[in-house]
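*Asks:* below is the sequence, then the predicted model.
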Amino acid sequence: MSVVGQQPPPFFKRGPAPLARLALFLALSLLLLVLDLRFHTLEWSRQAVALLVYPLQRMAYLPVAATDNAGLYFSSLASLQSENAALRRRQLDTANRLLRQEHLELENQRLRALLDMKQRQTVPSRVAEILYSARDPFARRMILDTGAQQGIVTGQIVVDEQGVVGQVTRVFTLLSEVTLITDKDQAVPVQIVRNGLRSVIFGDGAGALELRFLAANADVQVGDLLVTSGLDGIYLAGLPVAKVMKVDRDTTYAFAHILCQPIAGVENHDQVLVLGQGAALPAQPPEPEKAAKPGKGRKGRR
Amino acid sequence: MQPTHSSNRILLPVRAWFIFLTFIAALFLDMMPFGRLTGLPDFVALTLAFWSVREPFKVGMGVAFMLGIVMDVSAASVMGQHSLAYVLLAFAASGLSRRILWFPLSQQALHILPLLLGAQLLMLAARMMAGAPFPGVLYFLSSFTASALWYPLTYLLLIPQYRATEKDVHRPI
């Protein structure tokens, strides 16, 4: 209240009441939650905040990198030598195949040219380092040290030397976020090498993978190798994804319960390869009827 | 047991830049790439609870909201998840600050534990409503480790306020 145009001195200045402030900020947070979860329209704000936070993030990575380097420095000569020997042996093992591969590739090219088929495209790739796995206990994501500045695009595939690791799902200016194939509902279109059976594999959120929607009598055996089928035009064909660990055919359910184990060291490595995207596929022909097969989409979610 | 208020000393006023610095340090600790270590405390939530209890007029829901946004981005979680939890945490902590400060430190930690657990429960609810899997009961372990850190944290963060600006041998406070 003012007395003759004079404000009382602000002895007990507290601003709006705590409950009012709580309501305001809760409403704001809930709005953000809904906008991000339901409409995915907050990427620009995420970009801005990420750019601001970037120096701190890089700094937080420094102590860990330093301890890693120190550990490397003090690792004994013997272990390095044994590792070196093992690597050389592995190189010799693969040399045979590598030497033949060049020959085979040439032959393949010639045959494909003879058959007048579309040449299998070679894709550019880029080595990236994993900074850290994101601190979100509800999802399996990793942060790479390359971003839009280095030409990373959403949707690119991330592999290590053994197989598929995940997919780039969010790109910041200098960092990018990879969703691992073990993340819940991250879907990869796959094919069984043994018999060519196509399906879609999903992460179960706990480090394993699951083949869903395969009939209880589907021809899947323990030990089968699953590779990407390349049908979605995003994953290149033939990249190893997983190995079947357990097949549970309970006839009370329509579908078999098939658990698989990722082939790549999905949760433990520091350097990965981000594969570039191939040329765009031709547009899909108009569908005569609704597709009956579930899970054909690129991803289960979003 | 009767509250004794024995944990309280006469302190120098807190400096705003020091609060800011502690939040930066907490963010730094939270961004350190420890991977999926279970039971790792959420340092930002703990520091926020500390300053909301100690300085409810300086640190409140606005700061909590900002910190939440930064955490949402750096932890790669859904926007609004951390801010929602932190805002409620700051509200509860500043509302209880008059009561909490009457207790010795170990019992203060017992007051902080349910607040941190509540914040974690909120985040869990927000994410599970959006279809995330349940991360396991060990997810809640981080609140327990965080409230165990309350005792050392209090001494650490109050160090700048313990020292007298000019020493007077005749006035031993």
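*Replies:* Received, thanks. Numbers count the residues shown, from 1 in each chain, chains lettered A, B, ... in the order given.

*Asks:* and the residue nearest the centre of chain B, what pLDDT?
*Replies:* Closest to where the C-alpha atoms of chain B average out (Cα atoms, centre = their mean) is B:L46, at 2.3 Å. In the predicted model, B:L46 carries a pLDDT score of 95.

*Asks:* can you name the residues that contact it?
*Replies:* B:26, B:112, B:116, B:146-147, B:149-150, B:153 (Cβ atoms under 8 Å, 6 or more residues apart in numbering or on different chains). The way it works is simple: take the backbone N, C-alpha and C, and place the C-beta from them, glycine included.

*Asks:* which single residue in the stretch 151-300 of chain A comes nearest to chain B?
*Replies:* In the stretch 151-300 of chain A, the residue that lies nearest chain B is A:G205 (3.7 Å; Cβ to the nearest Cβ).

*Asks:* for that residue, which non-adjacent residue is spatially closest?
*Replies:* A:K184 (3.3 Å; Cβ to Cβ, 6 or more residues apart in numbering or on different chains).

*Asks:* same question for A:V188.
*Replies:* In space, A:V188 is closest to A:I201, 5.1 Å off (Cβ to Cβ, 6+ apart).

*Asks:* returning to what we had before: from the chain's centroid, how far away is the helix or strand where the residue nearest to the centre of chain B lies?
*Replies:* Taking DSSP states H and E as the definition, one finds B:L46 inside helix B:43-54. Its chain's C-alpha centre lies 2 Å from the corresponding centre of helix B:43-54 when counted by Cα atoms, centre = their mean, to the nearest Å.

*Asks:* next, A:P240: phi, psi?
*Replies:* phi -60, psi 140 (degrees, to the nearest 10).

*Asks:* ditto for A:R249
*Replies:* A:R249 adopts backbone torsions of phi -100, psi 90, taken as degrees, to the nearest 10.

*Asks:* before we move on, what about A:G233?
*Replies:* phi 80, psi 0.

*Asks:* give me the neighbour count for it.
*Replies:* 15 (other Cβ atoms under 10 Å in any protein chain shown).

*Asks:* now do A:H103
*Replies:* 9.

*Asks:* check contacts around it.
*Replies:* Under the criterion of Cβ under 8 Å, 6+ apart, A:H103 has no neighbours.

*Asks:* what does the stretch 101-250 of chain A have sitting close to chain B?
*Replies:* A:131-139, A:141, A:143, A:170, A:177, A:184-185, A:204-206 (Cβ under 8 Å from any Cβ of the partner chain).

*Asks:* and those, which are buried?
*Replies:* Neighbour-count burial (16 or more other Cβ atoms under 10 Å in any protein chain shown) is assigned, among these, to A:131-139, A:141, A:143, A:170, A:177, A:184-185, A:204-205.

*Asks:* narrow these to those in helices?
*Replies:* Nothing among these maps onto helices, per DSSP state H.

*Asks:* name the residues that touch stretch B:141-148?
*Replies:* By Cβ under 8 Å, 6+ apart, stretch B:141-148 touches B:38-43, B:45-46, B:109-110, B:112-113, B:116-117, B:119-120.

*Asks:* if you set the cut-off to 6 Å instead, what comes out?
*Replies:* With Cβ atoms under 6 Å, 6 or more residues apart in numbering or on different chains as the test, stretch B:141-148 has contacts from B:38-42, B:46, B:109, B:112-113, B:116-117, B:120.

*Asks:* one more: stretch A:180-195?
*Replies:* Taking Cβ under 6 Å, 6+ apart as the rule, stretch A:180-195 contacts A:139-140, A:164, A:166, A:179, A:198-203, A:205, A:207, A:219, A:224-229, A:231-232, A:241, A:266, A:299-301, B:133.
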